[in-house]
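**Q** generate a structure from the sequence data that follows.
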Amino acid sequence: MNDNDERPVTIITGRAWKRKGGKPEGVHLMLVAPDDDSAVRRALESLSAEGYAEAELDQIGDLDGVPDEEPHLSAYQGALEGEVSIVTFEVPA
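**A** Residues are numbered from 1 along each chain as shown. Here you go, the predicted structure:
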């Protein structure tokens, strides 16, 4: 990959907790980073900045295309603009 190539949007999936021992939320984080280690570090920093006390990250990978539906479409656009986009959802019991 040279400097003229756009880096793909990375997605990281997992769970995060506002309070230790509290109810988990599912998270999908989207961002652009030079490598997986940098992506994980930025994702954890962003979760912490949003008030999350704990996180378990399960999977990391590059998106193949643009998501079709919200809120992932907006998160994808945010990632292209340099943000770490966080999509949260309820985790089934």
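**Q** got the confidence number for the spatially most central residue of the chain?
**A** Computing the C-alpha centroid of the chain and ranking residues by Cα atoms, centre = their mean puts L29 first, at 1.0 Å. Here the pLDDT value assigned to L29 is 98.
**Q** was I right about A55 contacting R15?
**A** Yes - the criterion here is Cβ atoms under 8 Å, and A55 meets it with R15 at 7.0 Å. Backbone N, C-alpha and C define where each C-beta goes, glycine included.
**Q** next, show the common contact partners of these two.
**A** When Cβ atoms under 8 Å, 6 or more residues apart in numbering defines a contact, the residues bordering A55 and R15 alike are V27.
**Q** between those two, which has more neighbouring residues?
**A** Per other Cβ atoms under 10 Å, whichever of A55 and R15 has more neighbours is A55, with 20 against 17.
**Q** specify the beta-bridge partners of the nearest residue to the more buried one once chain neighbours are set aside.
**A** Closest residue to A55 apart from its sequence neighbours, by Cβ to Cβ, 6 or more residues apart in numbering: A16 at 4.3 Å. With DSSP bridges applied, A16 shows beta-bridge pairing to E25, A55.
**Q** residues touching A16, list them.
**A** Per Cβ under 8 Å, 6+ apart, neighbours of A16: 24-25, 27, 47, 52, 54-56, 88.
**Q** ok, of those residues, which come out buried?
**A** For those, a burial check counting by 16 or more other Cβ atoms under 10 Å picks out 25, 27, 47, 52, 55.
**Q** so for the helix or strand hosting S38, mean pLDDT?
**A** Using DSSP states H and E, S38 falls within helix 36-49. Helix 36-49 carries an average pLDDT of 98.
**Q** list the contacts of it.
**A** Helix 36-49 is contacted from outside by 10, 12, 16, 27, 29, 31, 33, 55, 57, 60, 84, 86, using Cβ under 8 Å, 6+ apart.
**Q** and these as JSON lines, adding distance to A75 and secondary structure?
**A** Compiled in JSON lines, the contacts of helix 36-49 are given as follows (distance: Cβ to Cβ, whole Å; DSSP: H, G, I helix; E, B strand; the rest coil):
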{"residue": "T10", "distance to A75": "12", "secondary structure": "strand"}
{"residue": "I12", "distance to A75": "12", "secondary structure": "strand"}
{"residue": "A16", "distance to A75": "15", "secondary structure": "strand"}
{"residue": "V27", "distance to A75": "11", "secondary structure": "strand"}
{"residue": "L29", "distance to A75": "8", "secondary structure": "strand"}
{"residue": "L31", "distance to A75": "9", "secondary structure": "strand"}
{"residue": "A33", "distance to A75": "15", "secondary structure": "coil"}
{"residue": "A55", "distance to A75": "17", "secondary structure": "strand"}
{"residue": "L57", "distance to A75": "16", "secondary structure": "strand"}
{"residue": "I60", "distance to A75": "15", "secondary structure": "strand"}
{"residue": "V84", "distance to A75": "9", "secondary structure": "coil"}
{"residue": "I86", "distance to A75": "8", "secondary structure": "strand"}
